[in-house]
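Q: quick one: sequence plus predicted model below, questions after.
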Amino acid sequence: MAPSVLIVDDEKHTREGLKQALADSYDVSLAASADEAFNLMDAQPFDVILTDLRMPGKSGLKVIDRALALPNRPAVLMMTAYGNIETAVEAMRRGAVDFLTKPVNIERLDVLIRRALKAKSLEVEVEQLHERLDEKFDLEGIVGESPLLKDVLERVKKVAQSKATILIEGESGTGKELIAQAIHQSSPRSRGPFVAVHCAALSESLLESELFGHEKGSFTGATERRIGRFESADGGTLFLDEIGEISGSIQVKLLRFLETKAIDRVGGSKTIELDVRLVTATNRNLEQLVRDGKFREDLYFRLDVVRFVMPPLRQRAEDIPALIAHFLKIFSQENGVPQLEVEPGAMKTLQAYSWPGNIRELRNFCENAVVLHKGGKLTEFDLDPRFRGSPAPAPAAAGSPEGASAPTLSVEQNEKRILREALIKSRGNRTKAAELMGISRRTLHRKLAQWPELDVVDK
């Protein structure tokens, strides 16, 4: 379908001539006055409106105001025989995307219409991206119903509207950046930039330039001015992950920003004032770093205005089924395969696992499972041995001689463990399990009757 253009001009020959020139490429409608244009705009949407400035009755500036108040805003171009700087400035201030003088150059008009359509298309794409970001990082999109997670999300709602600096603590992989994104998307800054920097990934000199920018010639290799992440985040949120890893000199510059809301580029003499909300995260104990003299106490107190502590996944076992279903759905869709089903026995085992890598490890597990199984069912026998893990040896008691053996399992416990491993290795085939253990099938049946929790059917 051709883009729609509304031409508003009280001069009939101008209207008709422009329509004839544009009709091959656009769906053109005509209006002889502002009021007639208002009726057409109410009846149908337009992609571009080209309006004269001076007309009997209401002027073209009123057409701009009315057009840009519509739900689906068209791009507006102004034309007049009385071209001057003041008129152009006023038209652009009202929201016109460009200005033409009469007689209109048709080639230039076509260029401006195409440019306006492209800009409008990009505006729609940006808005759609914002909507997808809102959906992705909306609090309702964070998976889990555990009390610990609910407490975090309730606090996010309370602090998102404020300007307070936020510190997020938690083990690696617990979702600290996700919460930072949710805070940003729930705040009045949601249409501004969200800029993330992982502080441990860069050396001190590179991190300073990355954060604060630098002027041309400020150091060897600085061949041009660089805008830092603080400036890039102006009007939005800057997220500094692994804040406990930054050097003392960068701590000083960060403290200055928190006190003054201003920065200096490396090698620069001009102070740059910024409107940036700072959210930081760490998997280290900042209080201990302060006691060890590795982190400034005054900076710590500046960062610790509002603190979140992200619970590790082992404390949110009730959330594991929902998280697994969430990730399996995502990766099944990405790989174009049916969604993998997790059998109850496998889910119970996964919930009992400690997940030292937290959500990041669980996410990787789900992607691996989808790629390897391509639909169907995931049973306990399909799980890597680490998920089923035999009980780890208990640590030696305090004061025990170094190298002293840990308490041993009872004979019955050992026998149950061996039987379970045999059943897993044989994928539930009792005959093969009996062979692996070196016992008869009848003996195996008797053991399973004694320990029904180990009982599985032949596969």
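A: Looks like it arrived, so ask away.

Q: helix/strand/coil for the nearest residue to Arg388 once chain neighbours are set aside?
A: Among residues not flanking Arg388 along the chain, Thr349 sits closest, at 5.9 Å (Cβ to Cβ, 6 or more residues apart in numbering). Every residue, glycine included, has its C-beta placed from N, CA and C. Under DSSP: H, G, I helix; E, B strand; the rest coil, Thr349 falls in the helix class.

Q: residues near the residue lying closest to Glu215 once chain neighbours are set aside, how many?
A: Computed as Cβ to Cβ, 6+ apart, the closest residue to Glu215 that is not its neighbour in sequence is Gly267, at 4.2 Å. Other residues within reach of Gly267, judged by other Cβ atoms under 10 Å, total 15.

Q: isn't Gly267 up against Gly213?
A: No. Here Gly267 does not reach Gly213: they are 9.5 Å apart, not a contact under Cβ atoms under 8 Å.

Q: and the helix or strand harbouring Leu112, average pLDDT?
A: Secondary structure from DSSP states H and E places Leu112 in helix 106-137. In this model, helix 106-137 carries a mean pLDDT of 70.

Q: buried residues in the helix or strand following that helix?
A: Note on helix 106-137: by DSSP H and E, the next helix or strand toward the C-terminus is helix 147-160. For helix 147-160, a neighbour-count test (16 or more other Cβ atoms under 10 Å) marks Leu149, Val152, Arg155, Val156, Val159, Ala160 as buried.

Q: who's in contact with Tyr300?
A: Leu286, Glu287, Val290 (Cβ atoms under 8 Å, 6 or more residues apart in numbering).

Q: just the buried ones among the residues you listed, please.
A: So, by 16+ other Cβ under 10 Å, the buried ones in those are Leu286, Val290.

Q: narrow the contacts of Tyr300 to those in helices?
A: Leu286, Glu287, Val290 (DSSP state H).

Q: got the residues you listed as TSV, with pLDDT and distance to Val306 columns?
A: Output for these, formatted as TSV (pLDDT from 0 to 100; distance: Cβ to Cβ, whole Å):
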residue	pLDDT	distance to Val306
Leu286	94	14
Glu287	93	16
Val290	95	18
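
Q: can these go into TSV with extra columns for distance to Phe38?
A: Below are the ones in helices among the contacts of Tyr300 laid out as TSV (distance: Cβ to Cβ, whole Å):
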residue	distance to Phe38
Leu286	61
Glu287	65
Val290	65
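
Q: which stretches of the protein have low pLDDT?
A: 1, 82-85, 88, 122-141, 375, 389-414, 453, 455-459 (pLDDT under 70).

Q: for the residue nearest to Arg388, give me its contacts.
A: Taking Cβ under 8 Å, 6+ apart, one finds Glu380, Leu383, Phe387, Arg388 in contact with Thr349.

Q: quick one: which of the residues you listed has the most company?
A: Busiest of the contacts of Thr349 [other Cβ under 10 Å] is Glu380, holding 21 neighbours.

Q: gap between it and Tyr353?
A: Distance, Glu380 to Tyr353, by Cβ to Cβ, to the nearest Å: 12 Å.

Q: repeat that for Leu77.
A: 63 Å.

Q: with neighbour numbers in mind, choose between those two.
A: Leu77 (24 against 20).

Q: and that one, what are its bridge partners?
A: Leu50, Asp98 (DSSP bridges).

Q: identify the residues contacting it.
A: Here Leu77 is in contact with 48-51, 96-100, 109, 112-113, 116 (Cβ under 8 Å, 6+ apart).

Q: please repeat the previous calculation with a cut-off of 7 Å.
A: Each residue near Leu77 by Cβ atoms under 7 Å, 6 or more residues apart in numbering is listed here: Val48, Leu50, Ala96, Val97, Asp98, Leu100, Leu112, Ala116.

Q: now flag whichever of these is closest to Pro188.
A: Val97 (27.2 Å; Cβ to Cβ).

Q: what's the closest non-adjacent residue to Val8?
A: That would be Thr51: by Cβ to Cβ, 6+ apart, it lies 4.0 Å from Val8.

Q: look up how far Phe38 lies from the one you found.
A: For Thr51, the distance to Phe38 - Cβ to Cβ - is 11 Å.

Q: of these two, who's got more company?
A: More neighbours surround Thr51 than the other of Thr51 and Phe38, with 26 against 17 (other Cβ under 10 Å).

Q: ok, Thr212 touching Ile263?
A: Let me fix one detail, which is that residue 212 is Phe and not Thr. Yes. Using Cβ atoms under 7 Å, Phe212 is in contact with Ile263, at 5.2 Å.

Q: and for those two, which residues touch both?
A: Joint contacts of Phe212 and Ile263 (Cβ under 7 Å, 6+ apart) are Phe230.

Q: residues near the closest residue in space to Glu242 that isn't next to it in sequence, how many?
A: Leaving aside its chain neighbours, Glu242 sits nearest to Ala200 (4.1 Å; criterion: Cβ to Cβ, 6+ apart). When counting by other Cβ under 10 Å, one arrives at 13 neighbours for Ala200.
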